[in-house]
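*Asks:* quick check, what structure comes out for this input:
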Amino acid sequence: QVQLVESGGGLVQAGGSLTLSCAASGRTFSNYYMVWFRQAPGKEREFVGSVSWSGLTTYYADSVKGRFTLSRDNAKNTVYLQMNSLKSDDTATYYCAAGPGTTWSGRYDYWGQGTQVTVSS
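*Replies:* This is a model prediction of the structure:
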């Protein structure tokens with residue numbers, strides 16, 4: 001069992017930055033890809049990015065590529081999502097998940113509770 005807790009969400013102006021954190025506890029954190037998804041009201045949950053257990057391999061959705069950066073600190077059991085040049089389209093609840101690293105949310109058993117990011121234009 002893995003427990004995940006996100007933090008760092010908030011209200012930011014368009015063009016601004018936020019860093020989200022996801023702290024993990026429970027089973028060995030380093031065994032899993034850590035992945036961020038987001039879900040806006042009335043929309044399906046969508047993949048944002050993933051980072052491998054080593055932190056050396058990252059993969060991003062086209063919509064955030066070049067603006068968002070994933071990193072992880074296995075010693076602290078924490079993964080970070082640095083979000084720059086935020087747009088109103090980035091407004092959503094952001095969820096971290098632990099699992100195989102795929103882009104389909106249905107493959108993940110471990111989820112955080114979500115943190116809200118609101119970008120004002």
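
*Asks:* now residue 89: closest residue in space that isn't a chain neighbour?
*Replies:* For residue 89, ignoring the flanking residues on the chain, the nearest one in space by Cβ to Cβ, 6 or more residues apart in numbering is residue 63 at 7.4 Å. Quick note: C-beta positions are derived from backbone N, CA and C, even for glycine.

*Asks:* what are the bridge partners for the spatially most central residue of the chain, then?
*Replies:* Residue closest to the average C-alpha location in the chain (Cα atoms, centre = their mean): residue 36, at 2.6 Å. Counting by DSSP bridges, residue 36 is bridged to residue 49, residue 96.

*Asks:* one more: residue 78?
*Replies:* With DSSP bridges as the rule, residue 78 is bridged to residue 23, residue 73.

*Asks:* would you confirm that it contacts residue 72?
*Replies:* Yes: at 6.9 Å, residue 78 counts as touching residue 72 under the criterion of Cβ atoms under 8 Å.

*Asks:* who has more neighbours, the two?
*Replies:* residue 72 (23 against 18; other Cβ atoms under 10 Å).
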